[in-house]
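>>> 3D, please:
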Amino acid sequence: MTGTRSYEFARYFVGKGHRVTMITSGLFNDEFPVPKGRKYVELEAEGISVVPIAAAYNDPQIGTRMSSWRRMLNFYRFAKLSARVGRKLVKPDVVYATHTPLTIGLPGIALGRYFNVPFVFEVRDLWPDALINVGGLKNPLVIWWLRRMAKKIYAEAKHIVALSPGMKEGIVRTGIPAERVTVIPNASDLDLFRPDIDGSSWRDRLGLGKRFAAIYFGAMGFANGLEYVIEAARILAERGNDHIVLVLHGDGGKRQELEKMVRYYELTNVIFNNLVPDKSEVARLVAGCQVCMTIYRAAKENTWSPNKMFDSLAAGKPVLVNVTGWLGDLVEHNHCGRRLDPRRPDMLADALKELAADAELCREMGSNARALAERDFARSKLADGLEKVLAKAVQEFQANK
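Model prediction:
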């Protein structure tokens, strides 16, 4: 339901001459709100037809504060209403549904059948596996139900886009042929996040002074496991490394608990910063720090493809990532950060101490990070790949009619 990736790809498609309609949530949405008493509205933004509907939510910060059952209810309301509203819109050549949540595939199937066009499904996270792996889902009945739904959606899709190699492997394990799945990871925002941005205003605002700053920016929910960062801060404080500070920017269901941990440990080396509506301000905030952190709760298997990781690369910052799998391999093989054990916060403390003491290493890793972003994760390159996937799905569908 979050729209950064979809919106940027849609802009690219419009620039290539395609007609794009996006159905999104209009609740808790300051940019595309639905007026009271209306089920949906039709708007236009940068050539994209945007259809916000009065269901669910569009902000993961809001979602992380909800109970799992309340979130699921919201997801179903969105699926039901979007299928109903979609039938009133101009017939498309292809229906493209992007999840999470998994239920977003249900209106994708319905509208593909209604318009007799191919349905292509984008998997941003493996459900229910990702929820099980972090300990967020244990109910066997719900697990069975979600696995059944996933298999149904995968089987109905003419093609599937996965955001990481691990996600593709998980989809193929359900019986989908590998040739029906294409990996298109998240993109780096090379224009917004850059190494040449001046972040001094944010350093002043946060009172960083001359301290070495590492930043996490994103949601603060259960799956993010930011207790790991607080424990690393505690270890740094115990060692007397007062010249290192950790900045946590964002919000979510676990933020109050994290703040309580900081107060309990009496830490002065952790700074919480509230969300800002302007993403360019986030880019300046990142520019004001020396290192970026990509943190998740310890899991049996990690397949994530988080936006913040790729924006960190674009910013030209060393990345400290505590997940196994392809993200850890990425930073290690390209010498643009450190892979950490998700169960050992002392490794984060050690890595921060190492980088704080070696400005040249920071510079080298940051340069490698930007080069990696430009080479492999430019949005235009990835959008071009998605355009080809959608065009091929349309061609094959029409040929088989």
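>>> correct me if wrong: Phe13 contacts Val389.
No. The pair Phe13 / Val389 is not scored as a contact, 12.0 Å apart, by C-beta atoms under 8 Å. Backbone N, C-alpha and C define where each C-beta goes, glycine included.
>>> any idea which helix is longest in the protein?
Longest helix in the chain by number of residues (criterion: DSSP state H): helix 379-399.
>>> which stretches of the stretch 301-401 of the chain aren't confidently modelled?
By pLDDT under 70, the low-scoring segments of the stretch 301-401 of the chain are 301-302.
>>> the stretch 1-150 of the chain now?
Residues of the stretch 1-150 of the chain meeting the criterion pLDDT under 70: 1-3, 27-31, 56-71, 130, 132-136.
>>> all helices of it, in order?
With DSSP state H, counting those that start in this stretch, the ranges of helices along the stretch 1-150 of the chain come out as 4-15, 60-63, 68-86, 105-115, 129-133, 140-156.
>>> could you dump those helices into TSV with distance to Pro92 and mean neighbour count added?
Formatted as TSV, these follow (distance: least, C-beta to C-beta, whole Å; neighbours: other C-beta atoms under 10 Å):
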stretch	distance to Pro92	mean neighbour count
helix 4-15	12	18
helix 60-63	27	20
helix 68-86	9	18
helix 105-115	6	21
helix 129-133	29	21
helix 140-156	16	15
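>>> residue contacts, Gly47?
By C-beta atoms under 8 Å, 6 or more residues apart in numbering, Gly47 lies in contact with 11, 14-15, 20.
>>> repeat the analysis, applying 7 Å as the threshold.
Gly47 sits next to Val14 when contact means C-beta atoms under 7 Å, 6 or more residues apart in numbering.
>>> what of Phe377?
Neighbours of Phe377 in contact, by C-beta under 7 Å, 6+ apart: 185, 187-188, 310, 313.
>>> just the ones of the residues you listed in helices?
Here DSSP H is the test, and these give 310, 313 as lying in helices.
>>> turn the contacts of Phe377 into CSV, columns for neighbour count.
Converted to CSV, the contacts of Phe377 look like this (neighbours: other C-beta atoms under 10 Å):
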residue, neighbour count
Pro185, 22
Ala187, 24
Ser188, 27
Phe310, 27
Leu313, 32
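>>> widest-spaced pair of the contacts of Phe377?
Farthest pair in the contacts of Phe377 (C-beta to C-beta) is Pro185 and Leu313. Separation: 11.2 Å.
>>> returning to that earlier point: got JSON lines for the helices of the stretch 1-150 of the chain, with distance to Ile176 too?
Output for the helices of the stretch 1-150 of the chain, formatted as JSON lines (distance: least, C-beta to C-beta, whole Å):
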{"stretch": "helix 4-15", "distance to Ile176": "22"}
{"stretch": "helix 60-63", "distance to Ile176": "27"}
{"stretch": "helix 68-86", "distance to Ile176": "21"}
{"stretch": "helix 105-115", "distance to Ile176": "13"}
{"stretch": "helix 129-133", "distance to Ile176": "14"}
{"stretch": "helix 140-156", "distance to Ile176": "5"}
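>>> of the ones you listed, which is nearest Lys279?
helix 4-15 (8.3 Å).
>>> and this protein, split by domain according to the record?
4-187+378-399, 200-376 (automatic domain parsing).
>>> what ranges does the stretch 251-400 of the chain have for its helices?
For the stretch 251-400 of the chain, the helices defined by DSSP H, counting those that start in this stretch occupy 255-265, 279-287, 307-314, 326-333, 345-356, 359-376, 379-399.
>>> contacting residues around the fourth one?
With contact meaning C-beta under 7 Å, 6+ apart, helix 326-333 is reached by 164-166, 294, 304, 309, 319, 321, 337-339.
>>> for Gly105, list the residues it contacts.
Gly105 is in contact with 97, 99, 121, 153, counting by C-beta under 7 Å, 6+ apart.
>>> with respect to Ala178, which of the residues you listed is nearest?
Nearest to Ala178 among the contacts of Gly105 is Phe121, at 15.4 Å by C-beta to C-beta.
>>> look up how far Glu259 lies from the residue lying closest to the closest one once chain neighbours are set aside.
Closest residue to Phe121 apart from its sequence neighbours, by C-beta to C-beta, 6 or more residues apart in numbering: Ala157 at 4.0 Å. Distance of Ala157 to Glu259, computed by C-beta to C-beta, to the nearest Å: 42 Å.
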